[in-house]
Structures are given as C-alpha cells and as structure tokens.
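In: no sequence on this one, just coordinates:
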C-alpha cells in the first residue's frame with residue numbers, strides 16, 4: 001500500500017494543478033468569510049489615516065481593478081514558466097521538466113496568484129447581490145488589497161527563483177538530492193530481503209520451463225513503476241504459495257510477457273489445479289499478484305533508482321553533445337554521482353528474499369544491484385567523453401574514492417572493471433600522449449597496480 005501511495009504522490013506532487021487548486025479553494029472560502037465578517041467596529045478602531053470605503057460600488061470598482069491587474073500578473077508568470085521549461089528541456093533534457101513542475105516554490109507561487117484571483121472573483125459575485133444601502137464589506141476590501149500586495153512580492157521572488165532554478169549546478173544538486181532520497185527510501189524496505197537473499201540464495205524461474213498454469217504474465221504493456229512487496233507477501237501467505245519475480249522497477253514489459261512464476265509452499269502439496277475450483281482459485285491468485293505490480297506508461301523516479309540515476313546522466317550527456325560542449329556541467333554531474341553512489345553499495349546482491357513469520361520463503365524477486373547502478377551512472381558518460389581527458393579524469397578520481405569505500409570484494413571488481421573501460425577508451429580515442437598518460441595514471445590508482453597499461457590498454 002505504501003508503494004501505491006508513493007506512486008500516486010509521484011503523479012500529484014509533480015503537477016502544476018494540484019497545489020493551485022488547493023489555493024483556489026482556500027481563496028474562495030476566505031472570501032466567503034471576509035464578506036460576512038462585521039467590519040464596521042474593526043474599521044472604526046483603526047487610525048484615521050486607514051482607508052475606508054463608503055459604498056459597495058467603490059469596493060466593487062477596486063476589486064475589479066485588482067482582479068484585472070492580477071490576471072495580467074498571472075499570465076506573465078505562466079509565460080515566464082513556459083520559457084524556463086522550454087530552455088530547461090533543450091539544455092538539460094526533457095526528463096528534468098518534472099523537477100521544475102514538482103518544485104514547491106513554483107507551485108506555491110502560482111497557487112498564491114490563483115488563490116487571490118478566486119478570492120477577488122468570489123467577492124465580486126457576492127457583492128453583486130448586495131443593495132446599495134447594505135453593509136460595506138470593509139474587511140473583504142482590505143483583505144483583497146493585502147493579498148494583492150503579497151502576490152506582487154511573490155511575483156518578484158518567483159521570477160528570481162526561476163532564474164536560479166535553470167542554472168545547471170542548481171539542477172544537478174536538486175536531482176542528486178532526489179536520487180539520494182530514492183536510494184535511502186528503497187533501502188528501508190529492501191535491505192533486509194537483500195541480506196536474506198545473499199545469505200541463503202533463492203533461484204528465479206527459467207521462462208522457457210514455466211508451465212502455463214503457474215506463470216505470471218504482465219497484465220498490460222508499459223514500465224514496471226513499482227512492486228508492492230509487502231502486500232505481495234500478504235497475498236503469498238494468504239494463498240499459501242511462493243512467488244518468484246523476474247522483473248524489477250524500471251523494466252519495460254509487453255502485455256503477456258512472462259514476469260514470474262507461482263510455486264506451491266514446500267509443506268503443502270496442493271496445487272491450484274488440484275481442487276474442483278481450480279480455474280477460479282488460479283485466476284484469483286493471478287489477479288491478486290497483478291494488482292501489486294504497478295505498470296504505467298512512464299518510469300517513476302521515487303521507486304526506480306536507475307531512472308533517478310539516468311536523470312543526472314542525461315544532464316551530462318546533453319552537456320557533452322557537440323551543440324552544447326560544456327564539460328564543466330558533465331564534471332559536476334560526475335561528482336554528484338560520486339556523492340550518491342556510496343549509499344548504493346548496500347544493494348550488494350541482485351535479488352531479494354522475503355519470508356513469513358514462520359521463516360518460510362514466500363517471495364524471491366530480481367532487484368537492482370550496485371553493478372547495474374554503476375553501469376547506468378557511468379557507461380553512457382564514458383562513451384560520450386571517450387576523447388575528453390578532462391571528463392575521464394574526474395570519472396577515474398570518483399572511482400578511486402568509491403574503491404576506498406567499497407564494502408564487498410565484488411564492489412572492488414565492479415569499480416576496477418569501470419576503470420579498465422576508462423583506460424581502454426583513453427588508449428583508443430585520446431590522441432595526445434600526455435593527456436592519455438594522465439588518464440592512465442588515474443586509472444592505475446584505481447587498479448592498485450604499478451604498470452599503467454598492461455591490463456587495460458589495447459594494442
């Protein structure tokens with residue numbers, strides 16, 4: 001259920017309509033209250049210089065003027081936002097747009113404009129039904145003026161924030177923080193199953209050997225946005241089965257693809273097909289499992305670590321493209337990846353094993369591991385920067401730092417293999433001997449060897 005909530009929040013939290021909608025409702029409610037508040041006594045207690053309104057018509061004229069001005073301000077703010085989104089999509093990559101749309105400052109700024117507009121519109125509608133000799137809505141008028149002044153300063157701060165938000169370093173730090181949050185939240189739920197699988201290995205099914213009544217197939221085509229392992233464990237316990245999944249968050253599946261297998265509990269010889277209601281029971285089990293595998297048209301960064309990594313990688317690839325040629329941004333991305341990847345070392349095994357309270361195996365599933373995350377982080381950058389020693393050097397330096405933090409021997413081999421790939425790329429594509437040797441020395445420090453080119457150069 002928690003993963004399903006995250007999926008919904010991923011959609012709602014990165015939209016530009018949800019927060020302004022809340023502000024709009026709040027503005028309308030505030031206007032209803034302000035119109036009905038008795039303001040004569042409050043206004044009479046204020047100093048003489050405080051503005052007072054003699055008729056309802058005066059308040060209506062003022063409110064109409066403020067409303068027209070605020071609509072113009074909101075149109076300007078939306079235009080600036082669209083320009084920023086267009087520039088960000090071109091220079092930093094279209095997948096970074098979700099970070100701009102999910103920015104709380106942007107959402108709150110637009111929400112303040114929409115909320116004030118709804119306050120003024122609601123006030124005009126309510127004042128339209130009042131007679132000339134009715135009570136003058138002094139509180140509503142003063143509240144509208146105050147909200148308009150606040151919106152004016154919010155507009156200035158909003159433009160300032162948008163100007164800063166498009167700077168590459170700011171985007172890199174923000175996406176990197178989201179990546180670390182994704183890794184941390186994933187470890188909270190997956191660290192135990194990973195340790196279980198590493199200690200007592202579980203096996204995944206061979207797709208070619210599966211029987212039709214036990215195979216788990218994809219309900220529809222799309223990306224696996226997340227798998228609710230806790231609810232899936234409850235399903236396995238309820239139906240007394242074992243579930244083996246060969247897919248993980250981020251993989252693309254086609255409707256009907258075999259993505260796992262249902263196995264009977266080792267202490268229970270009953271199969272779904274052994275009962276008189278085999279088809280009904282089997283369908284119920286398959287439907288219950290399918291509900292826990294969330295498939296959608298796009299990947300989600302909050303549940304898919306490799307996708308969160310690729311958001312940073314995309315910024316580096318855009319910077320390394322011939323049209324932009326900005327190695328400094330690529331170097332900033334590499335350093336930010338180096339800060340996040342030590343947390344990923346806790347994904348030391350590519351599978352997870354879930355047990356019930358009696359210690360019986362219930363779920364065995366394929367998961368992302370440190371090797372796959374390293375491939376997602378460095379392979380494309382290395383391929384795009386194979387002739388750029390100023391980018392390959394920071395990559396080797398980050399690998400050297402990660403080597404000192406490695407927790408398992410397998411991690412050391414993964415890091416050394418990436419160092420060898422960097423060395424081979426330098427030997428193949430860097431023409432200048434001095435630059436090539438600088439990269440080789442950096443690679444040699446990762447490999448902990450005296451000879452720089454024996455193991456990774458190509459003749």
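Out: Cool, got the structure. Remember, it's a predicted structure, so these values are computed and weren't measured experimentally.

In: Please name the residues that touch the spatially closest residue to residue 102 that is not a sequence neighbour.
Out: Using CB to CB, 6 or more residues apart in numbering and skipping residues adjacent in sequence, the residue nearest residue 102 is residue 14, 3.7 Å away. For glycine as for every other residue, the C-beta is placed from the backbone atoms N, C-alpha and C. Listed by CB atoms under 8 Å, 6 or more residues apart in numbering, the contact set of residue 14 reads 98, 99, 101, 102.

In: Can you report phi and psi for residue 351?
Out: phi -140, psi 160 (degrees, to the nearest 10).

In: How many neighbouring residues does it have?
Out: 21 (other CB atoms under 10 Å).

In: If it is in a bridge, with which residues?
Out: residue 366 (DSSP bridges).

In: Kindly provide the distance from it to residue 426.
Out: Look at residue 351 and residue 426: by CB to CB, to the nearest Å, they are 35 Å apart.

In: same deal with residue 69?
Out: Relative to residue 426, and taking CB to CB, residue 69 is found at 60 Å.

In: Those two - which one has more neighbours?
Out: residue 426 (28 against 14).

In: Surely the more buried one is within a helix?
Out: Yes. Using DSSP: H, G, I helix; E, B strand; the rest coil, the assignment for residue 426 is a helix.

In: show me what contacts the spatially closest residue to it that is not a sequence neighbour?
Out: Computed as CB to CB, 6+ apart, the closest residue to residue 426 that is not its neighbour in sequence is residue 439, at 4.0 Å. When the contact criterion is CB under 8 Å, 6+ apart, the partners of residue 439 are 389, 392, 393, 396, 422, 423, 426, 430.

In: Quick one: low-confidence residue ranges for the stretch 101-250 of the chain.
Out: 129-134, 207-212 (pLDDT under 70).

In: Residue 140: what's it in contact with?
Out: Residue 140 neighbours (CB under 8 Å, 6+ apart): 31, 34, 35, 37, 39, 59, 123, 127.

In: Enumerate the positions of the host helix or strand of the first one that are buried.
Out: So the one you mean is residue 31. In this assignment (DSSP states H and E), residue 31 forms part of helix 18-36. For helix 18-36, the neighbour count (16 or more other CB atoms under 10 Å) marks 19, 20, 23, 24, 27, 28, 30, 31, 34, 35 as buried.

In: per-residue confidence at the fifth one?
Out: pLDDT, the model's per-residue confidence, is 94 for residue 27.

In: so it makes contact with residue 123?
Out: No. Contact criterion CB atoms under 8 Å: residue 27 and residue 123 do not qualify, at 9.6 Å.

In: How about residue 387, nearest residue that isn't a chain neighbour?
Out: Residue 387 sits nearest to residue 429 (CB to CB, 6+ apart), 4.1 Å away.

In: Now do that neighbour against residue 382, distance only.
Out: Distance from residue 429 to residue 382, by CB to CB: 10 Å.

In: Show me which of the two is the more surrounded one.
Out: Neighbour totals were compared for residue 429 and residue 382, and residue 382 leads with 20 against 14 (other CB under 10 Å).

In: tell me which element the more buried one falls in.
Out: Applying DSSP H and E, one finds residue 382 within helix 370-384.

In: pLDDT of that helix, averaged?
Out: Rounded mean pLDDT across helix 370-384 is 95.

In: Can you list the helices and strands that the following helix or strand past it packs against?
Out: Next along the chain after helix 370-384, taking DSSP H and E as the criterion, comes helix 389-405. Where contact means 3 or more CB pairs under 8 Å, 6 or more residues apart in numbering; DSSP states H and E, helix 389-405 is packed against helix 327-344, helix 370-384, helix 409-429, helix 433-447.

In: got JSON lines for those, with distance to residue 180 too?
Out: Compiled in JSON lines, the helices and strands packed on helix 389-405 are given as follows (distance: least, CB to CB, whole Å):
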{"stretch": "helix 327-344", "distance to residue 180": "5"}
{"stretch": "helix 370-384", "distance to residue 180": "13"}
{"stretch": "helix 409-429", "distance to residue 180": "18"}
{"stretch": "helix 433-447", "distance to residue 180": "23"}
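
In: Ranking those helices by mean neighbour count, which comes first?
Out: Greatest average neighbour count among those goes to helix 327-344 (a mean of 21), per mean count of other CB atoms under 10 Å.

In: where along the stretch 201-350 of the chain do the helices fall?
Out: 229-239, 278-292, 305-320, 327-344 (DSSP state H, counting those that start in this stretch).

In: just the angle between the helix or strand hosting residue 146 and helix 18-36, please?
Out: If you go by DSSP H and E, residue 146 is part of helix 138-165. For helix 138-165 against helix 18-36, the angle by axes from the mean of the first three to the mean of the last three CA atoms, to 10 degrees is 160 degrees.

In: For the stretch 301-450 of the chain, give me the ranges with low pLDDT.
Out: For the stretch 301-450 of the chain (pLDDT under 70), the answer is 302, 449-450.

In: Repeat the analysis, applying 80 as the threshold.
Out: Residues of the stretch 301-450 of the chain that meet the criterion pLDDT under 80 lie in 301-303, 407, 448-450.

In: re the thing from before, how close does the residue nearest to residue 387 sit to residue 392?
Out: 9 Å.
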